[in-house]
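S.K.: One predicted model, sequence on top.
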Amino acid sequence: MNEQYQKIRFIYSCDVNRLVKVKVGSLEGHFPKPSVHSVLEQECLTSHCVALQDKVVHNIYLHCQIFCNGRPFGLPVHTSFKSFTLRYNWNEWLVLPIKYCDLSRDACLAFTILDVHANLESHILGGTSISLFTKRGILRQRMYDLKVWPYVSGDGQLHSATPGKVRTGQQPVCASESTDFRKSRIDRVSKLSKLYFGGMMEKIDWLDRITFRQVETIFAHDRDSQCDQFLLIEFPVVRFGDVDGYMVYFEPNGGSVGYFNPYPAIGRYPDPELGMENLVEAKHHILARCSRSLIADREIKPNASTRDLLAKIVNYSPNKLLNGEEKDLVWKFRYYLKGNQKALAKFLQCVHWGVASEVEQAEDLLNQWVPMSVDDALELLSSNFSHPTVRHYAVGRLKEASYEVLLLYLLQLVQALKFEPIEEISGGVDSTFVQGISHISFDNDVCDPITPVQNDAPEVSIAMDHSVVSSPDLATFLISAACKDTALANYLYWFLKVERDCSVSCTLQKTASRTHGRGNTTTNKEIYAIMLERLSRALARGGTEARRRRKLLRKQQLFVDAIVQIMRAVVKESGNRKHKVEFLRSLLNQSDEKVSLTNLAGLPLPLDPSVKIQMVVADQATIFNSALAPCKLTFRTLDGQNYTTIFKYGDDLRQDQLIIQMVTLMDKLLRQENLDLRLTPYKVLSTSINHGFVQYIESDTLRDVLRDYSTIQDFFRTHRPSAGGPFGIEPEVMDNYVRSCAGYSVISYLLGIGDRHLHNLLLCKNGRLFHVDFGYILGRDPRILPPPVKLTKEMIEGMGGFSGPYWQDFRNLAYTAFLHLRRHANLFLNLFALMVNSTIPDIALEPDKAERFLLHLTDEEAVQYMQQLIDVSISAKMAAIVDMMHDVAQYLRK
């Protein structure tokens, strides 16, 4: 062997101050056909996709990018335009804007092949990747055939999902040649080629030409025998004069660089005291709360600074956790604070419920403390309080509330059942409100449990004492109240059923809810199934009225099931909207063996049990022009009136139901302050996680009003004119409009209602404005830079403009309403805290609502802040642009 082949010549990469180059050759093979699903989803593929064309097209180009340390390094480079004839052959050197000396050891090249369709959008046809350095740190040289992975871009990772170099024999073979023989031949030829180009074999010119023609034939046959595409690339050769050499990766001072170790050695040795109790703190706790200090604690009084600190702690928002020092301070002055009803929840946080002496003192103080209000007692039913004594005390406070108030809180009380011990729920006895019946058939027609739930409650004797327990558990209390009130029984049944169905759905999807101490959706399913069975049994054991309620609940379930079956058939029916409406009406006129929609015999409507429906008016049924195609159903009541609802199938109404509950509660609180803002809290009831009822209010969208009447005042003048009224409109109409605008402006801000546009703001002929469709709440909004309050120029012009008296009335009403609702912030925070563990998505994402009530500001500062919000909302330019874009989208959709 010649002397020149006995020396290995190389250069370090850190010494090469040149740009990285790579030559892109040809693309061999055929593009794989896209799937039928992809063609149906993208119409442009049918006529413009290169994979569906037999001839070579000209709009193919290649994208090349260097990756270092797993991230893109520098700018990408594209091939220039080529007019292809018979094959895709670029034959072009690409110079990347990165120098060899700047490359990392794991540097990779990522190639992506793209096709430009007629709509000028680029679509990925395939991609591949290859490392710049071999496993021995030598820069790659000469030609490579890289496998192209269809319809993905090259990722450029060291452990790539789109590797260009794939072991021979691991890919599907289309030819009949033996896989093992082909693999051994390709491997042998590849290794010999490396030895030749590495200077390890003597070069004979005439023999080399013959050999490499045969080698090319072997590789071409290998490519043709596989159902893949290959991209031919070429790396430059390092030459020292006439002799080939190598470029070896080398980093100066690389050995002195300290690399981050994600698994440091110190972390491998566990600390046996980690997480153990701090003995110093434990000793301090025992000394501070020992029984010897009990007499002194009864008489101790705080000084001025301590009193201010206690007042600050007491005024913390509900469910705020106290630190150790604050707990010790509240415990020390517990006897001083027992005259403050708002301090009770903070005191109960301080108790260590595992220490018997503290529990004994807490139970004794609980009976001496000034009774909490019903609103504040809701906090004690949250996940922060699990001791039975505390929860029973909270239920005892709820017993002081009227049925009307319980109905407002019922949605949250049903959620609070998740924090009750399941043993207490399953072992509860509903005998205190059950009449003396010795033998009852306990069929489960109403609850229809998913699994039979055993109840070991003994039979009730006629001679039993029926005195009501002073503080029952929450489950028993709710069932007791439902047995005494028709509306409570109606809504309790539907709330329990929806939660049970939701828990079943979550269990099937294997999505665990984040409940405190109970993250198992199976447990929640059992809780609500047991509650449904207990409710059914309690109603069956009750008097004549209770048993009648049970039968009506069963009929309501059959009624809803019939509506769902009809809507399911309408959705599956093909045809236009007119055909579907006719099909819907024909189904409503048909009689079912279980329930006849044309003869409902005064059935209480689940949406509003005070409405007794006689029949469905099939001729007035229609389907809205919407994606989910909700239907409008009109019912004839016993008194001959019509009651119209919207039944939504395929839509989760639980979030709308929650917001309407809050609007109803806010309306009640404002009316107690003699402030009637003419709100429209229409009724919403979710009968399942994918269907429910919505009360229909005769109204027009604000967009339709502005389209048909130009201005809001023209709309009022058309329907409610008055020659002597302001702007030629009845004074009552203008008053309704201004008050409702102020009310919903404040409410939409406090609840963070998003996605507000002129299609979900509705206007009645009597002047009342209200909001619908609450898909985004608590600050979430799909729009860009949404205003804090939805106020448009047209809405203000409807009040007479900025210079009119109605505009000032609007601002004053908004400020007054905001201040009144701020004073009830704890109630709303308690209600939302009970909903945090529900599966309503927006509640789980944004559990903290206190910041919108501005509790850290005085009333004067809060009014100034509200003024700024209104001013910002009026001048919001982006909101007007988004409204315009939404109008265009609606027009194109129609």
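M.R.: Arrived safely.

S.K.: so what secondary structure elements neighbour the longest helix anywhere in the chain?
M.R.: Across the chain, the longest stretch assigned as helix under DSSP state H is helix 544-572. Under the contact definition 3 or more C-beta pairs under 8 Å, 6 or more residues apart in numbering; DSSP states H and E, helix 544-572 sits against helix 486-508, helix 521-541, helix 577-589, strand 603-605, strand 631-637, strand 642-649. Any C-beta I mention is one placed from the backbone N, CA and C, and that applies to glycine too.

S.K.: Other residues contacting the longest one?
M.R.: Same thing as helix 486-508. Identification of contacts with helix 486-508 by C-beta atoms under 8 Å, 6 or more residues apart in numbering yields 403, 406-407, 410-411, 414-415, 446, 450, 478-479, 481-483, 512-513, 521-522, 524-525, 528-529, 531-532, 535, 539, 549, 553, 556, 604, 606, 609-610, 654, 685-689, 839.

S.K.: same thing with the last one?
M.R.: Counting by C-beta under 8 Å, 6+ apart, the neighbours of strand 642-649 from elsewhere in the structure are 563-564, 567-568, 571, 605, 607-608, 611, 613, 617, 620, 624, 628-637, 690-696, 698.

S.K.: And the next helix or strand past the helix or strand containing Val215?
M.R.: Using DSSP states H and E, Val215 maps to helix 205-224. Tracing the chain past helix 205-224, the next element assigned as helix or strand by DSSP H and E is strand 229-235.

S.K.: and the angle from that following strand to helix 205-224?
M.R.: Angle, strand 229-235 to helix 205-224, by axes from the mean of the first three to the mean of the last three C-alpha atoms, to 10 degrees: 150 degrees.

S.K.: Tell me which residues of stretch 597-613 come out buried.
M.R.: Residues Leu597, Leu600, Leu603, Pro604, Leu605, Pro606, Leu607, Asp608, Pro609, Val611, Lys612, Ile613 are the ones in stretch 597-613 that count as buried (16 or more other C-beta atoms under 10 Å).

S.K.: Of those, which is the nearest to Pro388?
M.R.: Pro609 (32.8 Å; C-beta to C-beta).

S.K.: Distance check, the nearest residue to the closest one once chain neighbours are set aside against Gly542.
M.R.: For Pro609, ignoring the flanking residues on the chain, the nearest one in space by C-beta to C-beta, 6 or more residues apart in numbering is Asn490 at 4.2 Å. As judged by C-beta to C-beta, to the nearest Å, Asn490 and Gly542 stand 15 Å apart.

S.K.: Ser686 too?
M.R.: Taken as C-beta to C-beta, the span from Ser686 to Gly542 is 27 Å.

S.K.: just Ile295 next, same as before
M.R.: On the measure of C-beta to C-beta, Ile295 and Gly542 end up 51 Å apart.

S.K.: Looking at those two, which is more packed in?
M.R.: Taking neighbours as other C-beta atoms under 10 Å, Ile295 and Gly542 compare with Gly542 leading, 22 against 9.

S.K.: on that earlier part again, report how many residues lie close to the residue nearest to Pro609.
M.R.: For Asn490, using other C-beta under 10 Å, the count is 24.

S.K.: Identify the residues contacting stretch 620-633?
M.R.: 563, 567, 570-571, 577, 580-581, 584-585, 588, 616, 634, 642, 644-651, 694, 696, 894.

S.K.: okay, how far is it across stretch 842-861, tip to tip?
M.R.: Start and end residues of stretch 842-861 are separated by 29 Å (C-alpha to C-alpha, to the nearest Å).

S.K.: will you turn the buried residues of stretch 597-613 into CSV that also has pLDDT and distance to Asn736?
M.R.: Formatted as CSV, those follow (pLDDT from 0 to 100; distance: C-beta to C-beta, whole Å):
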residue, pLDDT, distance to Asn736
Leu597, 89, 36
Leu600, 90, 34
Leu603, 94, 34
Pro604, 95, 30
Leu605, 95, 27
Pro606, 96, 30
Leu607, 95, 24
Asp608, 95, 23
Pro609, 95, 28
Val611, 94, 24
Lys612, 95, 29
Ile613, 95, 29
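
S.K.: and of these, the nearest to Asn89?
M.R.: Set against Asn89, the nearest of the buried residues of stretch 597-613 by C-beta to C-beta is Leu607 (69.9 Å).

S.K.: got a list of what Asn766 touches?
M.R.: Listed by C-beta under 8 Å, 6+ apart, the contact set of Asn766 reads Arg720, Glu732, Val733, Asn736.

S.K.: Correct me if wrong, but it is in a helix.
M.R.: No - read with DSSP: H, G, I helix; E, B strand; the rest coil, Asn766 is coil and lies in no helix.

S.K.: List phi and psi for it.
M.R.: Phi and psi for Asn766, reported as degrees, to the nearest 10, are phi -90, psi 10.

S.K.: Please identify the buried residues of the helix or strand where Gly396 lies?
M.R.: Using DSSP H and E, Gly396 sits in helix 388-398. For helix 388-398, burial by neighbour count (16+ other C-beta under 10 Å) applies to Thr389, Val390, Arg391, His392, Tyr393, Ala394, Val395, Gly396, Arg397, Leu398.

S.K.: Counting by contacts, list what that helix packs against.
M.R.: If contacts are counted by 3+ C-beta pairs under 8 Å, 6+ apart, helix 388-398 sits against helix 356-368, helix 374-377, helix 403-416, helix 474-482.

S.K.: Using the record's assignment, carve the chain into domains.
M.R.: For the chain, the structural domains run 10-166+210-248, 282-370, 553-650, 698-890, going by the TED database.

S.K.: can you redo those domains as TSV with distance to Ser471?
M.R.: Compiled in TSV, the domains of the chain are given as follows (distance: least, C-beta to C-beta, whole Å):
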stretch	distance to Ser471
domain 10-166+210-248	60
domain 282-370	10
domain 553-650	28
domain 698-890	19
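
S.K.: between those domains, which gets nearest to Glu202?
M.R.: If you check each of those against Glu202 by C-beta to C-beta, domain 10-166+210-248 wins as the nearest, at 12.5 Å.

S.K.: Could you measure from Glu851 over to Ser317?
M.R.: Counting by C-beta to C-beta, the gap from Glu851 to Ser317 is 10 Å.

S.K.: quick one, which of the two is more surrounded?
M.R.: Per other C-beta under 10 Å, whichever of Glu851 and Ser317 has more neighbours is Ser317, with 17 against 11.

S.K.: Might one say that the more buried one is in contact with Ala850?
M.R.: Yes - Ser317 lies in contact with Ala850 (C-beta atoms under 8 Å); the separation is 4.5 Å.

S.K.: which residues are in contact with both of these two?
M.R.: Shared contacts of Ser317 and Ala850 (C-beta under 8 Å, 6+ apart): Ala825, Leu829.

S.K.: how about the helices and strands packed on helix 544-572, which one is nearest Glu281?
M.R.: Set against Glu281 and scored by C-beta to C-beta, the helices and strands packed on helix 544-572 come closest in helix 521-541, at 34.0 Å.

S.K.: quick one: the closest one to helix 474-482, angle?
M.R.: Orientation note: helix 521-541 sits at an angle of 40 degrees relative to helix 474-482 (the same axes, to 10 degrees).

S.K.: before we move on, back to that, could the helices and strands packed on helix 388-398 go into a markdown table alongside mean neighbour count?
M.R.: Shown next, in a markdown table, are the helices and strands packed on helix 388-398 (neighbours: other C-beta atoms under 10 Å):
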| stretch | mean neighbour count |
| --- | --- |
| helix 356-368 | 14 |
| helix 374-377 | 20 |
| helix 403-416 | 20 |
| helix 474-482 | 23 |
